[in-house]
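need a structure here:
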Amino acid sequence: MTVSDRKGDQDAIWCPEKQVYSNGNLPATEEASNDLKSIRCPKTGRLNIFGYGSLCWKPGDGTTLSKVDEGVITSKCHVKGWRRCWAQRSTDHRGTIKFPGLVCTLLTDSEVNKITQSQAQLMHEGVEEKISPYKSRNGVISDDEKFNSSTTQGLLYSVPSHLVDQCLQELDFREKGGYARDVIDVKDDETGEMSKALVYRGTPENPAFCIRSLLDLPLAAAIMSVAIGPSGRNDEYLYNLDEFLTDFGGQDIDDSMSGMSVNSFALPSKVGSGTDKSHDTGTKTLAMLVRTFHQKANLHFLYGAGSNQSNQLLLQQSSAKNNAPGLVNLDEAHDLKEILLVVPKNIMKDKLIGFSEVRSQPKALYAGGSHSGLLTDQGILYLWGCKDSGQLGQGMNVYGYPKDGLLGRTGKSDDIPPMVSPLNMRVEVAAFGHAHTLVIERNTGMLYAFGDNSRGQVSGRRPRDTKDSVKVPVPTVPEFAKDKRFVAVAAGLHHSAAITEHGELVTFGFTRYGMCVPREDIDRRKMPGVAWWRPEDGSRLIAVSCGQKHTMVLDEHGRVWTMGDNKHGQLGRNGGKSDGPSLVNGTLGEKGSGCIAIDCGWSHCIAIVLAKINKSGQLDQEKHIYGWGRNDKGQLGCEPYLRELPLYALYKDIAGRKIKSFSCGAESSMLVDESGKIWGCGWNDHGNISTGDNSDVYEMTEIVGTTMRNPKLDQSYNSEIIVAAGGAHFLSTLM
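Residues are numbered from 1 along each chain as shown. This next block holds a predicted model:
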């Protein structure tokens, strides 16, 4: 069946801003267009309408379909070869433009199969195309396949002739959020009679269709648990439909799903598994999940791209069975994906007893080599991803935590999706290195470190020369830091740095390339010396960042200091490596430069300068980006023919928009402009720049993928975007 973009003499016009058809016309098949004479009763002019969603329980007060006293008749019915699917975004009923809800649509078995096959082929590129379980090899559907096809229950409305035009006008308006008119064969459950009926459904081609929610029931349930629209709460829509199906007497889950843990959430490998079984896609499971979310969990909606090899994007579960997120090569997201972070509503850890996460908002995101983190405004830090070196701070499976740091995988049917456990302390700020983590405890200013300690980057002492462990799996205060309070931290590949409340720098870990402050009283070849430093003029240091083999520091006067390896010009001055902090060349090495923030990747650096601009006689402030260092993969996003870049003013704006923030990954950079758009450049081998492929990006390019949303934000609130770039992945969210 072909759905046309025309009904009558006018096109159906889609409005991207409102996410609805805006001119009163909907797409329609030829049979469902115009006056519908071909499907109306030739004797009485009655029109049958099949309802499978909200029409099952809410025709609408005062609407035509509610006029039983004027001849509207309802009866229970079902259709075969169709599935009720939760895959339609809703901005006009159960959600808003800023956070669309989810409502159901009706798909044919072959449409569902085509979607699942395409996702599987994307996950296993190059795999030979599979034969559809709904069609034989010659394209003819066999009697057995017809017999085993899906069944969807619903309500059949028979509308008298004099009410048809008014009814169609009302339904065309009601279903403007991406739905189209179609015709379907319906069987009346009471009489057994077959008839044709008009149905409104969102096809897979419609602008509001969401493949991810169709295949990923936990994400779909999460959306429905929080979305609210003009017609009310999204979960109310789900609960009422679930109640209708329960009263109807049909099964909501077919045989192949009935014994499944809700942590699997794979669609059945075959649509048909028995006679007269309902194949509604998880309505009852979704209702159970939503109730569980309300009772036990708090949800954070994050976004990201790049490598998911260690589940650092939290997409492992949703991609394992049916590749719901659309990953490439099993574990790479080449465009921006929705990420669901599920955390416990009530935290029962000794330092966090009685703390409730319900009202918290994101404060910062972190991305390390293969691990990730979210810090809330309440000081709660969640970590997930690789924990092979103890970098998640949850112990080395001592407490039964799975490898990726997730909780809740008991395999029980009443289980909820895996929850990420918080670190057992309130955190002010954190830093994620390649395989280790540093945090500063809120209120106390104490420095804690955990993870890979092979070069002393956690304890300050090299394990081979001491009894220290190579892996430190729980937060530990280094010996040198026990009587200090800290305000800033940084973590690189094999070294670490922190700044005290008095503005003094301490470095520890690998020292070979001079990225740590030198000490003359020890042999650095045997022990990574903990060393302290501040400028000779007594200036306070306020920020620090660590690369692979270098360190950069910012002082209170806006001066930038660097030390370590200078192979790619990452020190911002001529010459070889530096055995101690020295100022960069140019204005950034002078007091009053205006520099307010710094960051660096493995071998490239950026500095954010707050510049005062005279616009039409009025002073304004803009953030200008200076960068230097390695550029062979486009890490700095300019002059691609230059493999290494001297100190250089990179960006005063991006596409005419002011710059809000800038973040460095290992060999990449990410930028956010004032309109909320995210841009990226650099090494892109795992799709971590989110451009839709894995080719390196040599100039700042706007990312592609799903739209970022936050259900906790008021519709009139101008949200801020936060971004974190790591080794081969990046994360973002709204705050």
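
so who does Pro16 touch?
Residues counted as contacts of Pro16 (CB atoms under 8 Å, 6 or more residues apart in numbering) are Pro207. Quick note: C-beta positions are derived from backbone N, CA and C, even for glycine.

Leu65 belongs to a helix, doesn't it?
Yes: assessed with DSSP: H, G, I helix; E, B strand; the rest coil, Leu65 lies in a helix.

please renumber so the chain begins at 40
Will do, 40 is the new start, and the previous item becomes Leu104.

show me the contacts for it.
With CB under 8 Å, 6+ apart, Leu104 has these contacts: 88, 94, 98, 111, 196, 198, 206, 209.

could you find the lowest-pLDDT member of these?
Least confident entry in the contacts of Leu104, by pLDDT: Pro98, with 92.

what about the residue lying closest to that residue once chain neighbours are set aside, distance to Ser77?
Leaving out its chain neighbours, the residue that sits closest to Pro98 by CB to CB, 6 or more residues apart in numbering is Leu104, at 3.8 Å. As judged by CB to CB, to the nearest Å, Leu104 and Ser77 stand 21 Å apart.

show me what whichever helix or strand Cys116 is part of is packed up against.
Using DSSP states H and E, Cys116 sits within strand 112-119. Contact analysis of strand 112-119 by 3 or more CB pairs under 8 Å, 6 or more residues apart in numbering; DSSP states H and E lists strand 190-198, strand 219-227 as its packing neighbours.

just give me how far the first one sits from the chain centre.
So the one you mean is strand 190-198. 37 Å (CA atoms, centre = their mean, to the nearest Å).

cool, and the last one?
On the basis of CA atoms, centre = their mean, strand 219-227 sits 36 Å off its chain's mean C-alpha point.

what about it, average pLDDT?
96.

ditto for stretch 509-516
For stretch 509-516, mean pLDDT rounds to 95.

sorry, back to before: ok, the residue nearest to Pro98 to Arg213 distance?
From Leu104 across to Arg213, the span is 10 Å (CB to CB).

kindly report the same for Asp286.
Asp286 is 23 Å from Arg213, where distance means CB to CB.

that older thread, per-residue pLDDT, the residue nearest to Pro98?
In this prediction Leu104 is given a pLDDT of 96.

could you dump the contacts of Leu104 to a markdown table with distance to Gly345 and neighbour count?
Listed next are these as a markdown table, based on distance: CB to CB, whole Å; neighbours: other CB atoms under 10 Å:
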| residue | distance to Gly345 | neighbour count |
| --- | --- | --- |
| Ile88 | 47 | 26 |
| Leu94 | 43 | 24 |
| Pro98 | 47 | 24 |
| Val111 | 54 | 20 |
| Tyr196 | 49 | 25 |
| Val198 | 52 | 26 |
| Cys206 | 50 | 21 |
| Glu209 | 47 | 17 |
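
quick one, helices of the chain?
For the chain, applying DSSP state H gives helices covering 148-162, 182-186, 203-213, 250-254, 256-265, 273-287, 322-335, 355-359.

now do the fifth one: distance to the chain's middle.
Shown here is helix 256-265, whose average C-alpha point lies 13 Å from the average C-alpha point of the whole chain (CA atoms, centre = their mean).

contacts for that helix?
With CB under 8 Å, 6+ apart as the test, helix 256-265 has contacts from 125, 133-134, 138-141, 251-253, 273-274, 276-277, 301, 304, 320-321, 324-325, 328-329, 332-333, 338, 340, 356-357, 363, 377, 379, 381, 456, 750-751.

that helix to helix 273-287, inter-axis angle?
Angle, helix 256-265 to helix 273-287, by axes from the mean of the first three to the mean of the last three CA atoms, to 10 degrees: 110 degrees.

returning to what we had before: Asp286 and Arg213: who's more crowded?
Arg213 (19 against 11; other CB atoms under 10 Å).

excluding chain neighbours, what is closest to the more buried one?
Gly99 (7.4 Å).

tally of neighbours for that neighbour?
Gly99: 14 surrounding residues under other CB under 10 Å.

what's it sitting at in phi/psi?
When read as degrees, to the nearest 10, the backbone of Gly99 gives phi 110, psi 130.

residues contacting it?
For Gly99, the contacting residues are 105, 209, 213, by CB under 8 Å, 6+ apart.

wait, which of those residues is closest to Pro401?
Using CB to CB, Arg213 is the member of the contacts of Gly99 that lies nearest Pro401, at 35.8 Å.

re the thing from before, let me know the closest of the contacts of Gly99 to Cys639.
Of all the contacts of Gly99, Arg213 has the smallest distance to Cys639: 54.5 Å, by CB to CB.

kindly reformat the helices of the chain as a markdown table containing distance to Ile742.
Listed next are the helices of the chain as a markdown table, based on distance: least, CB to CB, whole Å:
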| stretch | distance to Ile742 |
| --- | --- |
| helix 148-162 | 19 |
| helix 182-186 | 42 |
| helix 203-213 | 35 |
| helix 250-254 | 17 |
| helix 256-265 | 20 |
| helix 273-287 | 28 |
| helix 322-335 | 29 |
| helix 355-359 | 20 |
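
what residue ranges in the stretch 390-539 of the chain score low on pLDDT?
Residue ranges of the stretch 390-539 of the chain with pLDDT under 70: 392-398, 435-456, 504-507.

80 instead, please
For the stretch 390-539 of the chain, applying pLDDT under 80 flags the ranges 390-398, 435-457, 502-507.

where do the strands of it begin and end?
Using DSSP state E, counting those that start in this stretch, the strands of the stretch 390-539 of the chain run over 394-395, 401-406, 410-415, 419-424, 445-446, 458-459, 461-471, 475-480, 486-491, 510-515, 525-530, 534-539.

and the gap between the residue nearest to Arg213 and His132?
For Gly99, the distance to His132 - CB to CB - is 11 Å.

please apply the same query to His201.
Distance of His201 to His132, computed by CB to CB: 28 Å.

could you do Leu341 as well?
In terms of CB to CB, Leu341 sits 26 Å off from His132.

then Leu202?
Relative to His132, Leu202 is positioned 23 Å away (CB to CB).

higher neighbour count, the two?
Neighbour totals were compared for Leu202 and His132, and His132 leads with 21 against 18 (other CB under 10 Å).

excluding its backbone neighbours, what's nearest that one?
Excluding the flanking residues, the one nearest His132 by CB to CB, 6+ apart is Ser270, at 4.1 Å.

thank you, goodbye.
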